[in-house]
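K.L.:
what follows is a predicted structure for the sequence shown.
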Amino acid sequence: MSSSVDAPWARELIDLYESNAASQFIIYGNVHDRMLIPAHGGARIGTLTEYLMEVLLPRFDVVLSYDLGNGIRIEKGGPIFSTWPYYKDNPTLPKSPRAAVETLTHYFRYCANLARLNRETAQVGCLIRGANLIAPASQSPADYDLGAMVTLIRDWSSDNLLASHSLATFLITENLNDLHPLLVNNARSAKIQVPLPSVEDLSQACGLLAPNYPTAVADYTSKTDLLAEQFTGATLGSIEKMFKTKEHSGEKLSSADLIRLKKQIVEQDANGLIEFLESSRTLDDLYGQEKVKAWLRQDLALWKVSDTAALPKGYLICGPVGTGKTFLVECLAGEAGVPVVKLKNFRDRWVGSTEGNLEKIFRLLQALNRCYVFIDEADQALGKRDAGSNDSGISGRIYSMIAEEMGRNANRGRIIWVLASSRPDLIEVDLKRPGRVDVRIPLFPTTTPEESFQLLRRLCQVRGVPLDPTCFPGLEATMPLMLTPGAAETLAVKVYRLVRTQALTPEAALAECLTDYRNPIAPEILRIQIELAIRETTDLEFVPASLKSLKS
């Protein structure tokens, strides 16, 4: 294999092959993207197949490929391959998976036997594109054709005859979880991940693309490093597509475009599995919670100067329904200055698809470098260590994958997880332990009439119907306790409606709204959720003095 490579994943692959540590490679991750290919005097942009052919396999005599659409193709060394007696008698190579794999195995054994006889033989490489479609994970255990085919593919790396020959095979799939487990768990094969492009890769690629799109990149021709930093987390293919679109419409990329386009590009690349939280709010918009805001701002200050030793790996925000857990995350998103990524519904009904979705999400998070990851309703989304047999084990596999990712030491100071739940007791203990979730923040409803009034006053003021602070004594007797921000917002909307439709003063409208007011959350449920939040907190300073007596 060639030693003229730049990508770390390719260097790892070459070291494993040349040391005879592995001859079969499962290449996964960002395999469908465009990528930088080393060339004389620089680099060019091409596909993974081109990278493998030009950089890793130039010394191989014969290179074959197989995929469901094209069948077996001779990528290199046609004259050598044509000397194979079987091919002379059967010039039409098969396209169906099992027949194709049997034919490839036959050829590999033919070459290995020639080598054993000390006859001139070829160094052979083979690319299996879309390996997950040929040997998928989600098949019936009774599919004997699939089992036979997977066994043959596994033999390419473990059979003594083939392993001793100059044979290198590459199984290409986007997600490991989509590929048959007998191949993924084969101890004789090596798993090589192709990551999303780094900032350096993006900068070099933008420099190569810029001359082709002079109008689109006019303002950034000499500032490709700025483009690269802005597009971290995007694929080269999506960036090239954006350049083409802008060039076709005769538009320049502007600084205002970049944030919007990055969000759009990354969300499209993730196939709707994530979304970026964009917010104009800051922590100043969060009413009360002064201890919480002070803590979060200290963490943000440390992050901005890259002092990561004291940063948590994750937060758990807990409290009764309606206490503003999601609102807190939105305020954090507006103040943080780093991407806040919300995981959407990554669960899928097909076996293996959910795990594949999580693989894709984790690759994106690693490429973003610094980000918050928000998981709402974490007690439902994160899975269980042992969920029984009702979901085919999906919950347990989700739990395992997320727990491993949250606990990675390399993520401290790069990825901060933010879990939100009104039932933190239903989240697995291992997921919320220190080392995964280091800070647990409780949010509570109001505990005094004064707090309830100030919360309502703040929300009414936002809607342009300010309350006179001197009206509090007259309303104190009817002011509800245990008022959540969600319930208070409903009251504020009702006040606004009465002011606009019945020409009442804000004070009179509020008095009417409080007549016969009933808390939308049953008191017993509210109390249970408050007690759970207090029990979970890592710092009692987050708990109001009036509620500390409820701690167990």
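P.N.:
Perfect, I can see it now. Here the structure is a predicted model, which means the values were calculated and not measured.

K.L.:
when you work out contacts or count neighbours from here on, use the C-alpha atoms and nothing else.
P.N.:
OK.

K.L.:
residues touching the most centrally placed residue in the chain, list them.
P.N.:
In the chain, the C-alpha nearest the mean C-alpha coordinate belongs to I361, at 1.9 Å (Cα atoms, centre = their mean). In this structure, I361 makes contact with A270, L273, I274, judged by Cα atoms under 8 Å, 6 or more residues apart in numbering.

K.L.:
count the neighbours of the first one for me.
P.N.:
A270 sits with 17 neighbouring residues when counted by other Cα atoms under 10 Å.

K.L.:
contact partners for it?
P.N.:
Residues near A270 by Cα under 8 Å, 6+ apart: K360, I361, L364.

K.L.:
so which helix or strand takes in the last one?
P.N.:
Pointing back at L364 there. Per DSSP states H and E: L364 is located in helix 353-368.

K.L.:
and the next element down the chain from that helix?
P.N.:
Using DSSP H and E, the helix or strand that follows helix 353-368 towards the C-terminus is strand 371-375.

K.L.:
give the burial count for E278, as a bare number.
P.N.:
E278: 15 surrounding residues under other Cα under 10 Å.

K.L.:
residue contacts, it?
P.N.:
By Cα under 8 Å, 6+ apart, the contact list for E278 reads E330, A333, G334, V340.

K.L.:
make it 10 Å
P.N.:
R260, K263, E330, C331, A333, G334, P339, V340, V341 (Cα atoms under 10 Å, 6 or more residues apart in numbering).

K.L.:
state the phi and psi torsions of it.
P.N.:
Dihedral pair for E278: phi -110, psi 130, per degrees, to the nearest 10.

K.L.:
what pLDDT does it get?
P.N.:
E278 carries a pLDDT value of 79.

K.L.:
residues in contact with the worst-scoring helix or strand of the chain on mean pLDDT?
P.N.:
Least confident helix or strand of the chain, by mean pLDDT, DSSP states H and E, is helix 255-269 with a mean of 76. Residues outside helix 255-269 that contact it (Cα under 10 Å, 6+ apart): 219-220, 226-227, 230-235, 237-239, 241-242, 253, 272-278, 339, 341, 360, 364, 368.

K.L.:
let's see it at 8 Å
P.N.:
The contact list for helix 255-269, computed with Cα under 8 Å, 6+ apart, reads L227, Q230, F231, G233, A234, T235, S238, I239, L273, I274, E275, F276.

K.L.:
now do stretch 431-438
P.N.:
Residues outside stretch 431-438 that contact it (Cα under 8 Å, 6+ apart) are P312, K313, G314, Y315, L316, A403, M406, G407, W417, T538.

K.L.:
so how far is the first residue of that stretch from its last?
P.N.:
In stretch 431-438, first residue to last residue: 10 Å (Cα to Cα, to the nearest Å).

K.L.:
then stretch 20-38?
P.N.:
25 Å.

K.L.:
okay, buried residues for it please.
P.N.:
The neighbour-count check on stretch 20-38 (16 or more other Cα atoms under 10 Å) flags 22-38 as buried.

K.L.:
which one of the contacts of A270 is nearest L52?
P.N.:
Minimum distance to L52 across those is 22.2 Å, recorded for K360 (Cα to Cα).

K.L.:
isn't the closest one up against N175?
P.N.:
Yes. The criterion here is Cα atoms under 8 Å, and K360 meets it with N175 at 7.3 Å.

K.L.:
for those two, indicate the residue with more neighbours.
P.N.:
Set side by side, K360 and N175 show more neighbours around N175, with 23 against 19, by other Cα under 10 Å.

K.L.:
distance check, that one against F346.
P.N.:
Where F346 is concerned, N175 sits at a distance of 14 Å (Cα to Cα).

K.L.:
low-confidence bits of the stretch 451-552 of the chain, can you list those?
P.N.:
Within the stretch 451-552 of the chain, the segments meeting pLDDT under 70 span 550-552.

K.L.:
what's the angle between the least confident helix or strand of the chain and helix 353-368?
P.N.:
Angle, helix 255-269 to helix 353-368, by axes from the mean of the first three to the mean of the last three Cα atoms, to 10 degrees: 150 degrees.

K.L.:
adjacent strands (with direction) for the next helix-or-strand element following helix 255-269?
P.N.:
Following helix 255-269 in sequence order, the next helix or strand is strand 274-276 (DSSP H and E). Counting by DSSP bridges, the strands paired with strand 274-276 are strand 340-343 (antiparallel).

K.L.:
mind exporting the C-alpha coordinates of the strand it pairs with to CSV?
P.N.:
Extracted C-alpha coordinates of strand 340-343, given in CSV (Å, rounded to 0.1, in the frame of the first residue of the first chain):
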residue,chain,number,x,y,z
VAL,A,340,-26.9,23.6,21.2
VAL,A,341,-28.0,20.4,19.4
LYS,A,342,-31.4,18.8,20.3
LEU,A,343,-31.8,15.1,19.6
